[in-house]
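>>> what shape does this take:
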Amino acid sequence: MSTDKTTRTTLTKGTSLTAAEVADRFRVTAQSVRAWARAGRIPAYRVGSQLRFDLHEVEAALRLQADGRDR
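Next up is the predicted model:
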């Protein structure tokens, strides 16, 4: 039996992620995540000059978009 040595952070409501962290989670580039935010596809907010994302809000937005395309 192999063990996964990757440590996953437990995310709670209100956890703010960087574009790179969201990108890693969804297996896309950070540039794509920032483009989605600029286009209004996913919610984002600024902390200083950096974009931050709430994982639960991003998941919900992407789920709604996917549901809309399936119909």
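>>> state the distance from the residue nearest to the spatial centre of the chain to His56.
In the chain, the centroid-proximal residue (C-alpha atoms, centre = their mean) is Val22; its distance is 3.5 Å. Distance, Val22 to His56, by C-beta to C-beta, to the nearest Å: 12 Å. To be clear about C-beta, it is placed using only N, CA and C from the backbone, and glycine gets the same treatment.
>>> tell me which element the residue nearest to the centre of the chain is part of?
Using DSSP states H and E, Val22 falls within helix 19-26.
>>> ok, now which ones touch the closest residue to Thr15 other than its chain neighbours?
Sequence neighbours aside, Leu55 is the residue nearest to Thr15 in space, at 6.2 Å (criterion: C-beta to C-beta, 6 or more residues apart in numbering). By C-beta atoms under 8 Å, 6 or more residues apart in numbering, Leu55 lies in contact with 11, 15, 17, 22, 25.
>>> in CSV: those, plus distance to Asp67 and pLDDT.
Output for the contacts of Leu55, formatted as CSV (distance: C-beta to C-beta, whole Å; pLDDT from 0 to 100):
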residue, distance to Asp67, pLDDT
Leu11, 22, 55
Thr15, 24, 77
Leu17, 23, 97
Val22, 20, 97
Arg25, 19, 95
